[in-house]
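Student: Give the three-dimensional model of this entry:
(chains A, B and C)
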Amino acid sequence: MIVRDQKDLNRCINQVSKAKYITYDVETTGLNTRQDKVIGIGCSTSPTTGFYVPLLIWDGIKLQETGLDPRPLLQALKGKRLIAHNAAFDVDQTYHDFNIDLKDDIWADTMLMAHTLDENKYAYGLKPLSKALWGDDSTEEQQIMKQSIADNGGSANEYFKCDMEIMAKYCIKDCQLTFKLYNYFYPQLVDQDLISFFFEEEVMPLYTQVTIPMQRNGIPLDIDLIVESEEQIQKDINDLEDSIMRSLSPHLGDFEDRHLASLYPINDKGVFAQELCRIANLELPRLDSGKYSLAKKDLLKCEEKEGSNIKVLKFLQGGSSSLLSDSLIKDVRYALFRKTGERYVFNLQSKHHLKNLFFKILQVDPISKTDKGNPQVDDKFLDAMAERYDWAEKLRVFNKLNKIKGAYIDRFIRESEAGLFYPSFFQHRTISGRYGSDLQQLPRPYEEGQEVNPLVKKYTNNVRKFFIAGEGHKFIDNDYESLEPHVFAHISGDEGLKNIFRNGDDFYSTIAIATEGLTGVSAKKSDENYLGKINKPLRQKAKAYALGIPYGMGDFALSKNIKIPQNQAASLIKSYKNSYPALTEWMERSEDQCRRMGFVRSEVGRVRHMPNAVELHKQYGPDLIDGLAMWKIYSEDAVIYPEVKAKGREMRKYLNNAKNFQVQSLAASIVNRAAIAINRKLNELGIWGYVCAQVHDQLITRCKSEDAERVRDIVEDIMVNNYKLSIDLKAPAEIGDNFADAH
DNA sequence: CGGGCGAGCGCC
DNA sequence: AAAGGGCGCTCGCCCG
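Tutor: Have a look, this model is predicted:
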């Protein structure tokens, strides 16, 4: 039903007051909760009922208030078990518009239910889900809304211009659908023993207590520093480009002419013709748009004028392009190019142009290929080219600076809102239960003494300084110390691996010593003969395989990674596995579980569903991942063989993921649960503060300056003690003013 | 002109 | 013969 007046609204308030579970959905003017407005609110107390409260209605000119006050309804929702799809959006917009926070009343998010039950990435939106589950087709619905928007003079996504009745109908439908999803998913969570994992221990508490606040609060930016960096880096990039192009120009041959020819083909209409008129100084009448009129009569009239370029005029009347001189064509093209504001025709950022340069003009042989099998120009390639060409080294720096500028400077200027950056933290975008976020790829600052170009270092090390705690505030920054190795040692059940941490030894050094049978070196950082000190490359080598091998890395990949012959890599793998027998057993157990059951669980119960693994195993047996065996059986059949190969890759992926998942997912849960506990503890103690960012094994908490030491101790204690492994975790804390200070 | 994709590179 | 896991953003470029 549509709420038409106060009496209707009172009835609805009465209805929700009696209900326990209510689905909630707001319709808004857009998707940015800071800038947009609620236009209506929908609720359902069952999959077949529901109401819509219109708040703003488009009258053809502007949004008119209906006069209905939603706040008594929102108050009635407090204390209820609210269910929503992508609830963060609905509660943030509600909070923004009405200052009533429903986040603690969110009982279930059906998007997260869907993800918990099927983490294999697909579209988790309401409509894609209902299509996948029940074949519901929403195209007609979309059509009707679009038509209504268009009828009311709106464009593409101006949903707020849709007829209120239509909006109401679909809002209620979405509420009902959300209810249906909840009823559909709940028993599945029960069946898979995921109820307490989902509702009590992790998914929903993380969502309401950590995810929603992190996204809603945003992080203060040092706008002055960002803007200053932008100006400086642009100048440095331009200088580099000038310098590179000075060296390069003599080599380019006719590349630029050919490229412009393809960009601006000869044409007697359009931009080419317009520019031609200008360059040839034709006295043609102008249209309202400022363009030259190319009407036949105007061209003919122009021919009669003294000094007119007859050849050009003939061309414009459909004559042959041979009427135009080469230099005139060139002038036109360069003039058009200059209008783009770009500095050089040869684009140093274009892979096409660079490939042309290296592989066609300079006749260099590629050293690697892309996944698609194309010759590759990447940083490694340019590094090799730097031995031959001085400009190639500059090009590497140019690339790095452009990356920093585009991804870490321009982006945060563009996306800042009133000095804040609102990061996204998605709980449904990874298989393992990590967050999917746009704030997890900030470049790590270079440390003192690391060999790197000074410009690259300068700008790289600036990026984390953009994110500031702000006046009167501090960040508490805790990184778990090698969390993944700790979790890995714990999960493998291998006492040898666990002892590394119990003894306080260095993980990679110990593994290097055990695997390679090294003598006369120590894995203790304090020792004179510490491996990391006296033979760093050997430790680095162990870094390449210590976790890679357990996750399924083969001899081929290892040999490539650390540049040793394949047979040596094979014996290294063998030796590693022999050194840690329980690890090897765990690897086999995990694969076996995957093949037999089609799923694995993390220690806290999160499920990795791989039902296809069972089918593949039934059909092809254990040899499916043995390329040689499959080749012997199927290579004769040109149709079947590629399919079998693809299935082999799929199976290998399952088997490797069965191992990696248990480690990565538990690590994620440890950090997630620490974050929940931190926010709860601070709340309980009445200390102002919250986790404002999570980067896989790192939590950044924001608090008042005067509480910094106290919060630091609380955070550290929770991170170390909140979830206990068979070995102790470490999470040393730093207090800082920005994201860079702690390192 | 917007969407999708490949390539590259940033992170754990 | 095929050969380690999980992500997100930007760019150029192609396509509809």
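
Student: Return the residues of the stretch 451-600 of chain A in contact with DNA strand B.
Tutor: A:483-484 (CB under 7 Å from any atom of the strand). Every C-beta, even on glycine, is put in place using the N, C-alpha and C of the backbone.

Student: Please point out which parts of stretch A:127-141 sit buried.
Tutor: Burial within stretch A:127-141, assessed by neighbour count using 16 or more other CB atoms under 10 Å, is assigned to A:127, A:129-130, A:136, A:138, A:141.

Student: typo on my end, it should be stretch A:111-128
Tutor: A:111-119, A:124, A:126-127.

Student: picking up where we left off before, quickly check the buried residues of stretch A:127-141 for the two that are furthest apart.
Tutor: A:129 and A:141 (14.7 Å; CB to CB).

Student: residues near the closest residue to residue A:310 other than its chain neighbours, how many?
Tutor: Spatially, and ignoring its direct neighbours in sequence, residue A:310 is nearest to residue A:303 (6.0 Å; CB to CB, 6 or more residues apart in numbering). Under the neighbour criterion other CB atoms under 10 Å, residue A:303 is assigned a count of 13.

Student: Same check on residue A:304?
Tutor: Neighbour count for residue A:304, taken as other CB under 10 Å: 7.

Student: Likewise for residue A:231?
Tutor: For residue A:231, the count of nearby residues is 10 (other CB under 10 Å).

Student: ok, it to residue A:255 distance?
Tutor: According to CB to CB, to the nearest Å, residue A:231 stands 31 Å off from residue A:255.

Student: Also residue A:201?
Tutor: Taken as CB to CB, the span from residue A:201 to residue A:255 is 61 Å.

Student: just checking, residue A:136 touches residue A:127?
Tutor: Yes: counting by CB atoms under 8 Å, residue A:136 touches residue A:127, with 7.4 Å between them.

Student: for the stretch 101-250 of chain A, what spans make up the strands?
Tutor: Here the stretch 101-250 of chain A has its strands, by DSSP state E, counting those that start in this stretch, at A:106-109, A:219-220.

Student: Outside of the helix or strand harbouring residue A:10 itself, which residues are in contact with it?
Tutor: For residue A:10, the enclosing helix or strand under DSSP states H and E is helix A:6-18. Outside helix A:6-18, the residues that touch it by CB atoms under 8 Å, 6 or more residues apart in numbering are A:1-3, A:22, A:43, A:45, A:51, A:53, A:68, A:72-73, A:76-77, A:80.

Student: Stretch A:123-143 too?
Tutor: Residues outside stretch A:123-143 that contact it (CB under 8 Å, 6+ apart) are A:85-86, A:110-111, A:114-115, A:122, A:170, A:173-174, A:177-178, A:180-181, A:184, A:428.

Student: residues in the stretch 151-300 of chain A within reach of DNA strand B, list them.
Tutor: Counting by CB under 7 Å from any atom of the strand, no residue of the stretch 151-300 of chain A is near DNA strand B.

Student: Tell me the buried residues in the worst-scoring helix or strand of chain A on mean pLDDT?
Tutor: Sorting the helices and strands of chain A by mean pLDDT, DSSP states H and E puts helix A:139-151 at the bottom, at a mean of 86. Across helix A:139-151, burial judged by 16+ other CB under 10 Å covers A:141, A:145, A:148-149.

Student: Throw the residues you listed into a markdown table and include distance to DNA strand B, thanks.
Tutor: A markdown table is the format used below for the buried residues of helix A:139-151 (distance: CB to the nearest atom of the strand, whole Å):
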| residue | distance to DNA strand B |
| --- | --- |
| A:141 | 19 |
| A:145 | 16 |
| A:148 | 20 |
| A:149 | 16 |
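
Student: Let me know the closest of these to DNA strand C.
Tutor: residue A:149 (20.4 Å; CB to the nearest atom of the strand).
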